[in-house]
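1. The amino acid sequence is not available; the structure is as follows:
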């Protein structure tokens, strides 16, 4: 047999023709899948009609119509009746509760991966009007993205449109946290935990960081061993090579941390990572109104999806750097990114420039002050040196809670305006000193 003709049949199709036919074929498959859902839902409806004719006092006899129909459908599709019973119910939920999604599948605009995604995200939205809004918004995403990329976006849409705030639902869900073990074959078992998503992702990230350190150390040891062998300095007690994969190292680190409190690398002489300072990293996207506590829009744990506002605010409070993402109000496109909290270099610059609180006459040292945005970050003020200054808690609070206002001029000069309209400049000490000396030498007044 000519294998080349099997692998690449010569039917005259160009690559463009192949792609076009694949597109048509995929649409036909999606339409058939939508038809299958309709038929399964109809079978479930027939079972419900037959069940309704059985007296309510009949007990288990009421289960028989559905069982019989599920067995009939399972026989023709070569599936078990138990599996088909679940599929009948699932199809009914989709056809009746997500009609627009099934219609999009029938038209070939989405596939079953998108359907499951929309169903899973929207299943908890009981209000029909809210669910309809969610479904239309989710379809806009799914008709343009793969299921993988659409998943976090659709999840966020579901959280924003859910009539019950995420904080309430999260509080209930946290009560269900647990750890369990499932037996596997060959002397293995699966350890699983249901935890708040932030904790779960932070745990995995920390395990990954430890694993990377161990793998890097393994490479160093291998290099040193090779060098020693070339120079003849190798000892008979050569270290056994560590051939574990990253996944295996992660699993071993998890066991070490839980059982001994330290991550060890058996090929590297005991407690390799003690004091290494490995910390978990999580990335959170928080709308401004949620961050300030004036809104309840869910935040997003990047890579997972929506998290409740309280958790997001607690994480933000401990973060060293906040990155602000500005988006277009008309298109949603990212237009600018900066940080909310100043960088280490910016903090050093500000502390050297200001030396103390920058309100009139205040001498509270910078280590007891806040790095305040002169033009509020919540109103679009950038995290730049020309928009930051040290203010003590007393005057930071007064700036926000009273009619006092401030603008920042070139060189870090703050121009305070009192409630009566009087303007008072506050000049950084070193700049004031230099300018005063220069002006004194020239018998001129300083330019402020």
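-> Yes, it's here. Owing to the predicted nature of the structure, the values given are computational and were not obtained by experimental measurement. Numbers count the residues shown, from 1 in each chain.
2. Now do the contacts for the spatially most central residue of the chain.
-> The centroid of the chain falls nearest to residue 302 when counting by C-alpha atoms, centre = their mean (1.7 Å). Residues in contact with residue 302 (C-beta atoms under 8 Å, 6 or more residues apart in numbering) are 152, 282, 283, 284, 285. All C-beta atoms are positioned from the backbone trio N, CA, C, and that covers glycine.
3. if we go to 6 Å?
-> Contacts for residue 302 were tallied using C-beta atoms under 6 Å, 6 or more residues apart in numbering; they are residue 283.
4. now do residue 141
-> 150, 153, 154 are the contacts of residue 141 under C-beta under 6 Å, 6+ apart.
5. Could you identify the helix or strand that succeeds the helix or strand residue 406 falls within?
-> Assigned by DSSP states H and E, residue 406 falls within strand 405-408. The first helix or strand that comes after strand 405-408 along the chain, using DSSP H and E, is strand 414-417.
6. the helices in the stretch 301-448 of the chain, which residues?
-> Remark: helices assigned in the stretch 301-448 of the chain by DSSP state H, counting those that start in this stretch are 309-318, 344-354, 393-401, 429-442.
7. How about the stretch 101-250 of the chain?
-> Using DSSP H, counting those that start in this stretch, helices in the stretch 101-250 of the chain cover 112-122, 128-142, 147-161, 166-174, 197-231, 246-260.
8. pLDDT below threshold where in the stretch 301-448 of the chain?
-> Applying pLDDT under 70 to the stretch 301-448 of the chain flags residues 303, 321-322, 324, 326-327, 332, 334-336, 338, 435-437, 439-448.
9. mind running it again at 90?
-> 301-345, 353-356, 360-368, 376-384, 400-401, 411, 419-422, 424-448 (pLDDT under 90).
10. just how off-centre is the strand holding residue 406 within its chain?
-> 36 Å (C-alpha atoms, centre = their mean, to the nearest Å).
11. With stretch 52-69 instead?
-> 46 Å.
12. what's in contact with that stretch?
-> 43, 47, 50, 51.
13. what do you get if the cut-off is 7 Å, keeping everything else the same?
-> 43, 46, 47, 50, 51, 81, 85 (C-beta atoms under 7 Å, 6 or more residues apart in numbering).
14. May I see the buried residues of it?
-> The neighbour-count check on stretch 52-69 (16 or more other C-beta atoms under 10 Å) flags 62, 65, 66, 69 as buried.
15. nearest spatial neighbour of the second one, skipping sequence neighbours?
-> To tie it back to what came earlier, the one meant is residue 65. Spatial nearest neighbour of residue 65, excluding adjacent residues (C-beta to C-beta, 6 or more residues apart in numbering): residue 50 at 3.7 Å.
16. Helix, strand, or coil at the closest residue to residue 136 other than its chain neighbours?
-> The shortest distance from residue 136 to any non-neighbouring residue, by C-beta to C-beta, 6+ apart, is to residue 100 (6.5 Å). Under DSSP: H, G, I helix; E, B strand; the rest coil, the three-state class of residue 100 is helix.
17. Report how many residues lie close to residue 100.
-> 13 (other C-beta atoms under 10 Å).
18. Could you list the buried residues of stretch 141-150?
-> For stretch 141-150, by 16+ other C-beta under 10 Å, it's 141, 142, 145, 147, 150.
19. among those residues, which two are most distant?
-> 141 and 147 (10.2 Å; C-beta to C-beta).
20. picking that back up, what strands flank the strand holding residue 406, and is each parallel or antiparallel?
-> Note on strand 405-408: by DSSP bridges, its sheet partners are strand 414-417 (antiparallel).
21. Quick one: residues in contact with the partner strand.
-> 358, 360, 389, 404-409, 423-426.
22. Kindly reformat those as JSON lines containing distance to residue 118.
-> Formatted as JSON lines, these follow (distance: C-beta to C-beta, whole Å):
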{"residue": "358", "distance to residue 118": "53"}
{"residue": "360", "distance to residue 118": "58"}
{"residue": "389", "distance to residue 118": "49"}
{"residue": "404", "distance to residue 118": "51"}
{"residue": "405", "distance to residue 118": "49"}
{"residue": "406", "distance to residue 118": "49"}
{"residue": "407", "distance to residue 118": "49"}
{"residue": "408", "distance to residue 118": "49"}
{"residue": "409", "distance to residue 118": "53"}
{"residue": "423", "distance to residue 118": "58"}
{"residue": "424", "distance to residue 118": "59"}
{"residue": "425", "distance to residue 118": "59"}
{"residue": "426", "distance to residue 118": "56"}
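23. Residue 161: which of those residues is nearest?
-> Among the contacts of strand 414-417, and counting by C-beta to C-beta, the member closest to residue 161 is residue 405, at 38.5 Å.
24. So what pairs up with the closest one in the strands?
-> Here residue 405 sits in beta bridges with residue 417, going by DSSP bridges.
25. so how far is residue 399 from it?
-> Distance, residue 405 to residue 399, using C-beta to C-beta, to the nearest Å: 8 Å.
26. So these two - more neighbours on which side?
-> residue 399 (17 against 13).
27. what's near enough to touch the more buried one?
-> Residue 399 makes contact with 391, 406 under the criterion C-beta under 7 Å, 6+ apart.
28. And residue 28, how far from residue 108?
-> In terms of C-beta to C-beta, residue 28 sits 8 Å off from residue 108.
29. Comparing those two, which residue is more hemmed in?
-> For residue 28 versus residue 108, neighbours defined as other C-beta under 10 Å are more numerous around residue 108 (18 against 11).
30. any idea what sits nearest the more buried one, other than its immediate chain neighbours?
-> residue 27 is the one closest to residue 108 (C-beta to C-beta, 6+ apart), at 3.0 Å.
31. I'd assumed residue 106 was in contact with that neighbour.
-> No - using C-beta atoms under 7 Å, residue 27 makes no contact with residue 106, being 9.5 Å away.
32. picking up where we left off before, what separates the residue nearest to residue 65 from residue 397, distance-wise?
-> In terms of C-beta to C-beta, residue 50 sits 70 Å off from residue 397.
33. which residues make contact with stretch 148-166 from outside it?
-> Residues contacting stretch 148-166 (C-beta under 7 Å, 6+ apart): 114, 117-118, 121-122, 124-125, 127, 130, 133-134, 137-138, 141-142, 296-298, 300, 305-306, 308.
34. Revised request: answer the last question for stretch 178-197.
-> In contact with stretch 178-197 (C-beta under 7 Å, 6+ apart) are residues 174, 176, 177, 301, 304, 307, 311.
35. How many residues are close by the third one?
-> Residue 177 is surrounded by 11 other residues when neighbours are defined as other C-beta under 10 Å.
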